[in-house]
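S.K.: Give me the fold of what follows.
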Amino acid sequence: MRIRTYGNTSTLIANSGNLSAGEWTHAVAVYDGADMVLYKDGVEVGRRSKSGPLDTDPTVSVWIGDNPGADRKPFDGLIDDVRIYNRALCPDEIAELMASGETSRLARQVVGRDHRAGKLSRAGRR
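M.R.: Just a heads-up that it's a prediction; the model follows:
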C-alpha cells in the first residue's frame, strides 16, 4: 500500500500473511488519516502511522496490483471485486465482508482474459 500526504509518499508492506499461489485471498488496505493498515482474510497484517489528507492530482492514476514508474512489480494473478470507499472501513466491517464472501454480481458473471495463458476463463476459475 502506498499513499501520499503533504507531498510525502509512504509505503506499507505486510509484516505477515504471505500470499499463496493458487489461493483466493481477501485483501484490504485502509487509510483513516492517522494510520495505514493492511488486512489479509480479515486479519490485520501490517500497520504504519501516517497522517494528513490524501494528496490528489487528476493527472495521476490509481494503481492496483502494480507499482507506478520504473520500479514496476506487477501482480501475477487475478484481482476481483475492487472497491474504493470514501471512508475508512472499521475492523468489524472488514471482518463482515470477509466472512460474507460477498462478491459483486458483475464479478460472478464476467468472463475475462487470463493474461498469463492468453485464454478466456470465468472469474474465480483458473
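S.K.: what's the neighbour count on residue 85?
M.R.: 8 (other CB atoms under 10 Å). From N, CA and C alone the C-beta is placed, and that goes for glycine too.
S.K.: Can you give me the distance of it to residue 22?
M.R.: As judged by CB to CB, to the nearest Å, residue 85 and residue 22 stand 29 Å apart.
S.K.: for residue 1, same thing?
M.R.: Counting by CB to CB, the gap from residue 1 to residue 22 is 23 Å.
S.K.: Please spell out which residues along the longest helix belonging to the chain are buried.
M.R.: In the chain, ranked by residue count with DSSP state H as the criterion, the top helix is helix 91-100. The neighbour-count check on helix 91-100 (16 or more other CB atoms under 10 Å) flags 94, 95, 97, 98 as buried.
S.K.: Most widely separated two among those?
M.R.: Maximum pairwise distance in those, criterion CB to CB, is 7.4 Å, between 95 and 97.
S.K.: what's the overlap in contacts for these two?
M.R.: Contact criterion CB atoms under 8 Å, 6 or more residues apart in numbering; residues shared by residue 95 and residue 97: residue 42.
S.K.: picking that back up, convert the C-alpha atoms of the longest helix of the chain to PDB, please.
M.R.: Extracted in PDB, the C-alpha atoms of helix 91-100 (Å, rounded to 0.1, in the frame of the first residue of the first chain):
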ATOM      1  CA  PRO A  91     -12.200  -3.800  11.500                       C
ATOM      2  CA  ASP A  92     -15.700  -5.200  12.200                       C
ATOM      3  CA  GLU A  93     -16.800  -4.100   8.700                       C
ATOM      4  CA  ILE A  94     -13.700  -5.800   7.100                       C
ATOM      5  CA  ALA A  95     -14.400  -9.000   9.000                       C
ATOM      6  CA  GLU A  96     -18.000  -8.900   8.000                       C
ATOM      7  CA  LEU A  97     -17.100  -8.500   4.300                       C
ATOM      8  CA  MET A  98     -14.600 -11.300   4.600                       C
ATOM      9  CA  ALA A  99     -17.000 -13.700   6.400                       C
ATOM     10  CA  SER A 100     -19.800 -13.000   4.000                       C
END
